[in-house]
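In: This is the structure alone, sequence omitted:
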């Protein structure tokens, strides 16, 4: 991929969602995934003793967790500072009064997209550290999509 594009999965509860995002990242050609907070991580290569979460993640990733570079980082603040120092545009996918339609925001690479917890989303303190907040406009009664679906929509838009 000519444009450097990373995903940051922060406090994602479901290993199935994380696995699905790995599969989408592989398909879209996303270079790297950072797993922060309590987001589950894939098993380390050839570990015969996988946790239940690692098995669930692998089930939905279908091997993509072996193809997409990833790193576990407990501290999101430190990671954001590091990426900004490397000149990344840090973008949050979240509904907020300051968010803009994902189809209208100005892409600037390198770019890191942060997605958050399935229920709580991303904390306001995190949003303040981002260069841009984007959202997917919702037309129905439900005002949000599953995190893996939303990541797929926006991830493909950014990657292509």
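Out: Structure received. Everything numeric in this text was worked out from a predicted model, so none of it was measured.
In: Tell me the residue in the protein that is farthest from the middle.
Out: Using C-alpha atoms, centre = their mean, the residue of the chain lying farthest from its centre is residue 48. It sits 27.1 Å away.
In: wouldn't residue 117 be in contact with residue 13 here?
Out: Yes - look at residue 117 against residue 13 with C-beta atoms under 8 Å: they come within range, at 6.5 Å. The C-beta positions use only the backbone N, C-alpha and C, and glycine is treated the same way.
In: Would you mark the buried spots in stretch 128-136?
Out: Of the residues in stretch 128-136, those with enough neighbours to count as buried (16 or more other C-beta atoms under 10 Å) are 129, 130, 132, 133, 134, 135, 136.
In: Equivalent analysis for stretch 96-113, please.
Out: Buried residues in stretch 96-113 (16+ other C-beta under 10 Å): 99, 102, 105, 111, 112, 113.
In: hmm, back to that, what about the residue farthest from the centre of the chain, distance to residue 40?
Out: Residue 48 sits 18 Å away from residue 40, taking C-beta to C-beta, to the nearest Å as the criterion.
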